[in-house]
Every structure is written in C-alpha cells, then in structure tokens.
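[1] Quick one, what's the 3D model for this:
(chains A and B)
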Amino acid sequence: MSKHLIEAKNLSVTFNSYGYIVPAVKEVDFYLDKTEVVGVVGESGSGKSTFARVLAGLQFPTSGEVTFKGENIFKGGAAYPGELRKAVQMVFQDPYSSLNPRMRVINAVTEAVMHHQHASKKDATEIAHNLLQRMGISSTDARKYPSALSGGQRQRASVARALSAQPEVLLADEPTSAIDQSAQSQLLELFAELIASGLSVVLVSHDLGVIRYLCDRVYVMESGIFVESGATQDIFHKPANPYTQKLIASIPK
Amino acid sequence: MKDNVLATIQDLRIDVRVTRRIRLRIVDTASLTIQKGQLLGLIGESGSGKTMLCRALVGTLNRRGAYIESGSIDFEGIDLVKAKKKDWRNIRGHKIGYIPQSALAGPNPVMRIGAQLAEAINQSGKKPSDEVRRRALELLELVQIRRPEVVLKQYPYELSGGMKQRVMIACAIAQNPKLIVADEPTTGLDVTVQAEIMELLRSIRKEFDTSIILVSHDLQLINSVCDDIVVMHAGATIEKVPSSKVTAALHPYTHALYDSRIDLVEPRGKLRTIKGQPPSVGKWPTGCRFADRCDFVKDVCRTTDPTPFAQVNENQWSACIRHKEIYGGAK
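    Below you'll find the predicted structure:
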C-alpha cells in the first residue's frame, strides 16, 4: 500500500496524431502527500497540462498507473470510480471558457453542489452562496452571467465550483496566467487560505513567482520528463539541472 | 533635452462609438513623451487604455470603432491626430513599427513567412525581388532565427510561439522605424522565451538607436528592462518615473502595483493586494479615479477634477494632487 495521497508510477501518455507518434509524457514518477502543495513547471509543450489531465482522470495514460490512496484510479473504463471522483477536482487555465456562458454563476455552482452533496435545490443554493462568498463573490455578483464578471472573479467562481465537491485535492492548471496582477494576488491569497485549511494542491504553471509563493515541492518538466524535483527552496537557490537554471535565470528582477 | 524628443502625446482623449448616439470615453488625458533611443515601459491593468494608446500611435483606432476626440500626438513635427490615410502610409511601418499583442495569432496563417516579410519590406512594391529576399534573410538573422532560408518557406503553424513573435518583430523593423510600439509582446509566452525576446528588443535598440514603447501589465518585467515607466490607470497616465526610482514613486497606485509583486513576500505570507476593481469604462468617478482604491484618500481627491498630470522634478510626473503630503515632496 502506498502511503502517498496520489502517486503516479511509470506514467506515459502518447498521442497518435495523423500517424505520428507523439510522446507527451514519458515514464514519469510523481507523488503528492496529504496537505502538500506541489508545483509542476515547464515551458509550453513540455507536457505539464497533459500530466495534470491524467491526474484529474480526464486523460487515460498509455502505460503506467495512478493511484489515489493506494487505489488505481483507472479501473475498468472509468477514471475515479464512484465516490472517489469527488476527491480530485480541477480548475482550468482559461476563466473565459470554463464557465457555461448561459448559466448564472450561482446556478453553475448550485448544480455542482446538488450533484456532489446530494442536497435539495434550496439547501444547495445556500451552500453555493456561502461558497461564493468565501471566494469573495457577493450574492449580487453571483446572480450575474459569467460575461458580466472580470477574469479574476470568474476564476474564483471556478474555484468555488471545484470546491463544491469538497475535494481533498485541487488540481490547478495555470490558474493565474490569464488574469491581471491584482486579480492574481487575490486568487493566490485565496489559494493560501485553502491550503491552510488542509487542502492538497497540484499547481501547474510556468510562472515561477506563483510557484515560489505557494509550493512546498516542485517538479520541473522538460519534453515529457521530470528533469528535476525537490523542495521549492532548494530548486530556487541551487538549481542542478541546466534547464532549471535557465528557467530561474529568466525571471525578471 | 528638448530637441531629443521623438514623440509627444498631449492630453489625449479617445472615444468609442457604441451606438450612433452613445459614446464611451476609454482614454482620458493621457500624456507622455518619448525620447530618441529610449525604452519606455507602459503599464496598467486590463482596460486601462494601454492598447488604445498604442493604436493611436499607429493610426489603427478606427478599426475598433474608436477615434481621437481631442489632444495631440506630435511625432517629429507631424501631428498624427490630423494625419490622413494617405499620410499614414508613409508613417506606419516606415517610421513607427508595431508589434501586436497576440504572437500566436499575429502572422497571417495562410501566407508563407517569406511573403509576409516581403510585404513589410516592399510596401511600395517597387523593389526587385532578389533585393527583397536578401533583406528578408537579413531580418530573420537579425531576430536570431536559425536556418532563415527554411523559415522563409514555412507557414506560421510550423513555427513556435517565440519564433512567430520574432517574425512579427522582423516585420516591424523591416523599414528601420524610429519608434517601435510593442503591445504586450510576450503575453502567453514562457519566461525563457520572454527573456530572449526582451534581450532581442534591447539589442535592436542598441544597434539602431530605435525608441521602443513596451506595453505590459507585468511591473517586474518593465522594471527590469525599461528606462522610464509610465503608469496608466482608468484611461489616464498617472505617473512617469525612471525605473531606477520606482520605489520612490509619487502616486499611490504605482506603489500599490509595486507592492503587489509576489516575490516581495514570504511564501504564503500576506500579499498586499490593491483593493477593489479598477473603475469600469463609462463609470469613472469625478476627481481622482483611483480614489476608491487608495489608502490615502481625502475629500479633496474626489472634488479636484481633473487631477493635473504635473511634472514634479526633472524626470518624474505624477497625477496625485497630494503626493507632497504623502511622500514628503520630491526627493
């Protein structure tokens, strides 16, 4: 039995694109412990998003396995069977396309609450309002359509929706790359709060500032493999791999 | 000092036609000067009017239904506000180059890189084709693209984001313009690519003595690359400060922006956020538009309208009427 919350072993994902075999993730090992925050950094095309999608169960691996509390999540045809599905929730990169444009924000979150917490519509609406309030979205704003909200507000609404399942792990795929600096600060503070309350987070990003601020450990990904991993402090102060060194050197000072 | 100025924007106001009757003011009292060979950073949150100011400089406002309501843009003695379509043909590309925001959507997807460069090089259509080709290769080498002969024959989808942005830069400098307007040239690109592009812009400036206006919402980036920083908030320029003196800025908004940098705090420490949202277009309050978000606000801030964008010392301007009170005058 594994002692880690999420563990990936020998994980590979290969895409078949018009006859070309494209290996996106190549035999990587990964683990996440309870109440830990782990960052995955790398440049575009390095496979970090694909990797996050596998952890979320949205993408089946070509080989290797992912276990959640020691249980294989890809059993049979479905990922995260049964109640396990709630345990890992994802926040996507683009706040402009991840909310249904024809649903008021409150309804989008209520729907998720009803589904995951088996609440009546009345209770679910109240829970949803509270959740959104915690994310800093007032009940007036909650009744608006996503188009009437700013990018930062939308991203916080997406976080509220992900939290409606009361997950143990939050997977965030570049949550801050599409929003402004001030909105980014607000979202990061929110994440820090959630982490303090015991949530485990996998954060995929190419923004090293964000990684440094939130993460305990970092995996550095380059063309499908983890070239370096370790505690955030060590990676930032003593990068061993040439690619990591280049990455750290590119931060504007 | 005075004759070193390349372009001056004075009290620019830009309106957008929403319907036949309704107009929205999106840029109000923006002023800035850029000197020859200067790298000027323009920073502000989304919706603060940065892009519209850039478009005013390259004369493409009308494509977004916007127009200059009042104010002047003086570029080497030419008033760009009054420039006609015919005049623009000799300015855009020749004197002012433009690098657009989205590197990924920048180049025309159905044209080969060579053809696109040729268009930028040979705007008059009178140059012989071998000369155009030689210049295209020269430009690609200048922007440090490897194997330029191959790239000339390729389509944009075959290139990476960083390479596409390099091609856009090559197009912008094709006619050796005196001013390059780079509108968030690295948004959506990786940090490593971003560092390379910035290095490239700096080397271009050094080699050709070009002035560059670099637009971004990343203060950290602007601060590390530029000579001077101009800060925009809700359609107005509110501060001009040399990047070396950004910690001695004279507007609370600049300080708030600087303080919200995440590398200044301990991991998971308290971030210093700017409270609230920037006022939305059309709902600007009278007086200082930053008043609702400012920690130092007093009644006088809301009643003085407009807040003058005044020169404080030799190279610092501020639109905060109480900067003396707050920061103890010019240092």
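[2] show me the contacts for residue A:170.
    Residues in contact with residue A:170, defined by C-beta atoms under 8 Å, 6 or more residues apart in numbering or on different chains, are A:89-91, A:159, A:162-163, A:194, A:199-202. For every residue, glycine as well, the C-beta is placed using N, CA and C.
[3] measure residue B:327 to residue A:242 for me?
    44 Å (C-beta to C-beta, to the nearest Å).
[4] one step back: just to be careful, could you list which of the contacts of residue A:170 are in strands?
    Among those, the ones falling in strands (DSSP state E) are A:89-91, A:200-202.
[5] Show the contacting residues for residue 152.
    Using chain A here. Here residue A:152 is in contact with A:95, A:179-180, A:182-184, A:186-187 (C-beta under 8 Å, 6+ apart).
[6] Chain B, not that one
    B:112-114, B:117, B:133, B:136-137, B:140.
[7] Closest one of those residues to chain A?
    For the contacts of residue B:152, the minimum distance to chain A (C-beta to the nearest C-beta) is 20.0 Å, reached by residue B:113.
[8] So what's the residue count around that closest one?
    Residue B:113 has 27 neighbouring residues, counting by other C-beta atoms under 10 Å in any protein chain shown.
[9] pLDDT wise, what is residue B:197 at?
    For residue B:197, the pLDDT comes out at 88.
[10] mind checking the SS state of it?
    Following DSSP: H, G, I helix; E, B strand; the rest coil, residue B:197 is assigned to helix.
[11] Tell me how many other residues surround it.
    A count of neighbours around residue B:197, defined by other C-beta under 10 Å, yields 20.
[12] all helices in the chain, in order from the N-terminus.
    By default, I'm working from chain A. A:48-56, A:105-117, A:121-134, A:139-142, A:151-163, A:181-196, A:208-214, A:232-237, A:242-249 (DSSP state H).
[13] Can you look at chain B instead?
    Along chain B, counting by DSSP H, helices occupy B:50-58, B:85-91, B:113-121, B:129-142, B:148-152, B:161-172, B:191-208, B:219-225, B:252-259, B:299-303, B:323-327.
[14] helices and strands around the fourth one, which ones?
    It refers to helix B:129-142. helix B:113-121, helix B:148-152, helix B:161-172 (3 or more C-beta pairs under 8 Å, 6 or more residues apart in numbering or on different chains; DSSP states H and E).
[15] One more pass at 10 Å, please.
    helix B:113-121, helix B:148-152, helix B:161-172, helix B:191-208 (3 or more C-beta pairs under 10 Å, 6 or more residues apart in numbering or on different chains; DSSP states H and E).
[16] Mind putting those helices into CSV with distance to residue B:228?
    Output for the helices and strands packed on helix B:129-142, formatted as CSV (distance: least, C-beta to C-beta, whole Å):
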stretch, distance to residue B:228
helix B:113-121, 28
helix B:148-152, 34
helix B:161-172, 21
helix B:191-208, 13
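[17] Identify the residues contacting residue A:212.
    For residue A:212, the contacting residues are A:39, A:218, A:232-233, A:235-236, A:248, A:251, B:262-263, B:265, B:267, by C-beta atoms under 10 Å, 6 or more residues apart in numbering or on different chains.
[18] whoops, I mixed them up, residue B:69
    By C-beta under 10 Å, 6+ apart, the residues touching residue B:69 are B:12-15, B:23, B:25, B:27-28, B:81.
[19] Stretch A:175-192 near chain B anywhere?
    Yes: Stretch A:175-192 is in contact with chain B by C-beta under 10 Å from any C-beta of the partner chain, via A:176-189, A:191-192.
[20] Quick one, which of these are buried?
    Burial by neighbour count, judged by 16 or more other C-beta atoms under 10 Å in any protein chain shown, picks out A:176-189, A:191-192 from these.
[21] which of these sit farthest apart?
    Farthest pair in those (C-beta to C-beta) is A:178 and A:192. Separation: 19.8 Å.
[22] How confident was the prediction at the residue nearest to residue B:174 when sequence neighbours are not counted?
    Leaving aside its sequence neighbours, residue B:174 sits nearest to residue B:120 (C-beta to C-beta, 6 or more residues apart in numbering or on different chains; 4.1 Å). Per-residue confidence at residue B:120 stands at 90 (pLDDT).
[23] so how many other residues sit close to residue A:37?
    Neighbour count of residue A:37, defined by other C-beta under 10 Å: 27.
[24] Report the contact partners of it.
    A:170, A:172, A:191-192, A:194-195, A:199-203, A:211, A:213-218, A:232, B:267-268.
[25] hmm, 8 Å instead?
    By C-beta under 8 Å, 6+ apart, the contact set of residue A:37 is A:195, A:200-201, A:203, A:214-217.
[26] same deal with residue B:237?
    Contacts of residue B:237 (C-beta under 8 Å, 6+ apart): B:29-32, B:230-231, B:309, B:317, B:319.
[27] Could you show which parts of the stretch 101-250 of chain A are in contact with chain B?
    A:150-151, A:177, A:180-182, A:184-186, A:188-189, A:192, A:195-196, A:206-210, A:212-215, A:232, A:246-247, A:249-250 (C-beta under 8 Å from any C-beta of the partner chain).
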